[in-house]
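give me a 3D structure for the following:
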Amino acid sequence: MGTNDMSAECDRSLYLSDSFTQAYQRCLQEGFSQGGGYVRDSVNAMSAWSFALENITIPVDLWYDGLDTSPVHSPDFSVTLAAHLPRLPISLILMREAPFCGRDRTIFYQS
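Sure thing, here's the model as predicted:
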């Protein structure tokens, strides 16, 4: 699967546009110019969490793009993640279309 296969067509056309490229570059420049916070956030997001998911005690909404075919995000649209939250009401909200296509969301799973 190549990089171009990881997004819905409407997302891909946005990602490949000059306006998105310019905005994304500007965001990265601003993020890095403010010190190490952006890097720390990125490292924290990719590191092991300091808590067990099973210890979460508040309701959780998990949002995913129904057209996202990327194997690096959540190939099962967080069904595995939701299994680690057995005591909670879970709403797995799966977009019918990619967010940039302007479609509504739908509740895919609710416990």
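
tell me the helix or strand right after the helix or strand hosting C10.
Using DSSP states H and E, C10 falls within helix 9-15. Helices and strands here follow DSSP H and E; after helix 9-15, the next one along the chain is helix 18-33.

give the buried residues for that following helix.
By neighbour count with 16 or more other CB atoms under 10 Å, helix 18-33 contains no buried residues. All C-beta spots, glycine's among them, are computed from the backbone N, C-alpha and C.

next one: P86 from T57, what distance?
12 Å (CB to CB, to the nearest Å).

any shared contact partners between those two?
With CB atoms under 8 Å, 6 or more residues apart in numbering applied, the contact sets of P86 and T57 do not overlap.

where do the strands sit along the protein?
Using DSSP state E, the strands of the chain run over residues 60-65, 90-95, 105-110.

ok, of those, where does mean pLDDT dip lowest?
Of all those, mean pLDDT reaches its minimum on strand 105-110 (a mean of 45).

around L14, how many other residues sit close by?
L14: 16 surrounding residues under other CB atoms under 10 Å.

so what pLDDT did it get?
81.

residue ranges in this protein under the pLDDT threshold?
Low-confidence segments of the chain (pLDDT under 70): 1-5, 64-69, 71, 73-75, 77, 88-111.

what comes into contact with stretch 25-32?
37-39.

one more time with 6 Å
Y38 (CB atoms under 6 Å, 6 or more residues apart in numbering).

using PDB, write out every CA atom in that stretch.
The C-alpha trace of stretch 25-32 is given here as PDB (Å, rounded to 0.1, in the frame of the first residue of the first chain):
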ATOM      1  CA  GLN A  25       4.300  24.100   6.300                       C
ATOM      2  CA  ARG A  26       3.200  27.300   8.100                       C
ATOM      3  CA  CYS A  27       1.800  25.200  11.000                       C
ATOM      4  CA  LEU A  28       5.000  23.100  11.300                       C
ATOM      5  CA  GLN A  29       7.200  26.200  11.200                       C
ATOM      6  CA  GLU A  30       5.100  27.900  14.000                       C
ATOM      7  CA  GLY A  31       5.000  24.700  16.000                       C
ATOM      8  CA  PHE A  32       8.800  24.300  15.900                       C
END
